[in-house]
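In: Quick one, what's the 3D model for this:
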Amino acid sequence: MTILIILFLIFLGIVLLLLEFAVVPGITIAGIGGVLLLGASIYLAFDSYGVVAGIITTAFVLIVSPILVIRFFKSRAGKKMVLESEISGRVDQIDESSIHPGDEGITIGRLAPTGKVRINNQTMEGKAIVGFIDQQVPVRVVEVLKTQVIVEPIN
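Out: Below is the predicted model of the structure:
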C-alpha cells in the first residue's frame with residue numbers, strides 16, 4: 001500500500017510541476033506543491049523501505065521527472081502551449097542627415113505632448129518642448145533624436 005502512495009505522490013508532483021511550467025509560470029503554489037510532493041515521496045521511500053529504495057526513488061525523481069517534463073513540451077500538446085512567434089516590427093528611425101536643428105515644419109496633429117509633424121516633406125513623430133501645440137501650427141526643430149524630433153512653436 002505504501003508503494004502506491006509513493007507512486008501517487010510522484011505522479012501528482014510531476015503533474016503539479018507541469019501545471020507550473022505550462023499554465024501558471026513563476027513560483028506559485030503548484031510548483032512549490034510539486035516539489036514538496038516529490039520530496040515527500042522520497043522521504044516516505046527512505047522511511048518505509050530503507051536506504052536502497054530511497055536512493056532508487058531519489059534517482060527516479062531526479063532523472064525521470066525532468067525527462068517527462070521535457071518530453072511533454074516536445075509533444076504536440078506541449079508545443080501548443082509554447083509561444084513560438086517572433087516580433088518582426090521595427091521602430092522608424094529618423095534620417096539625421098535630412099533633419100537638422102533649426103529646420104521648420106508644421107504639425108499634422110495636436111502635440112500633446114507628442115504627435116505627428118511634417119518637416120522637409122517627411123512625416124515623423126514630434127514632441128513639444130513645452131506644453132501642447134495645436135495642429136497646423138508652424139514649428140521649429142530644437143533637437144533630433146533617433147525616433148522623434150523635439151520641436152517648439154514659431155511665434
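In: For this protein, name the helix or strand with the lowest mean pLDDT.
Out: Every helix and strand of the chain was ranked by mean pLDDT, DSSP states H and E. The lowest is helix 76-81, at a mean of 79.
In: buried stuff in that one?
Out: The neighbour-count check on helix 76-81 (16 or more other C-beta atoms under 10 Å) flags residue 78 as buried. From N, CA and C alone the C-beta is placed, and that goes for glycine too.
In: Check which element follows it along the chain.
Out: Later in the chain than helix 76-81, the nearest helix or strand by DSSP states H and E is strand 104-107.
In: Which strands or helices does that next one pack on?
Out: Helices and strands touching strand 104-107, by 3 or more C-beta pairs under 8 Å, 6 or more residues apart in numbering; DSSP states H and E, are strand 114-119, strand 138-144.
In: Kindly reformat these as CSV and extend each row with mean neighbour count and mean pLDDT.
Out: As requested, those are arranged in CSV below (neighbours: other C-beta atoms under 10 Å; pLDDT from 0 to 100):
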stretch, mean neighbour count, mean pLDDT
strand 114-119, 18, 93
strand 138-144, 17, 93
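In: before we move on, what SS does residue 68 have?
Out: Of the three states, residue 68 takes helix according to DSSP: H, G, I helix; E, B strand; the rest coil.
In: Assess the claim that it and residue 14 are in contact.
Out: Yes. Applying C-beta atoms under 8 Å as the test, residue 68 and residue 14 come out as touching, 5.9 Å apart.
In: Mind checking which of the two has more residues around it?
Out: It is residue 14, of residue 68 and residue 14, that has more neighbours when counted by other C-beta atoms under 10 Å, with 20 against 12.
In: Now do the same contact list for the more buried one.
Out: By C-beta atoms under 8 Å, 6 or more residues apart in numbering, the residues touching residue 14 are 34, 38, 65, 68, 69.
In: can you check residue 145 too?
Out: residue 94.
In: Can you tell me how far the closest residue to residue 99 other than its chain neighbours is from residue 55?
Out: Leaving out its chain neighbours, the residue that sits closest to residue 99 by C-beta to C-beta, 6 or more residues apart in numbering is residue 144, at 5.3 Å. As judged by C-beta to C-beta, to the nearest Å, residue 144 and residue 55 stand 68 Å apart.
In: quick one on the thing from earlier: between the helices and strands packed on strand 104-107, which one is closest to residue 74.
Out: For those, the distance to residue 74 is smallest for strand 114-119, at 45.4 Å, taking C-beta to C-beta.
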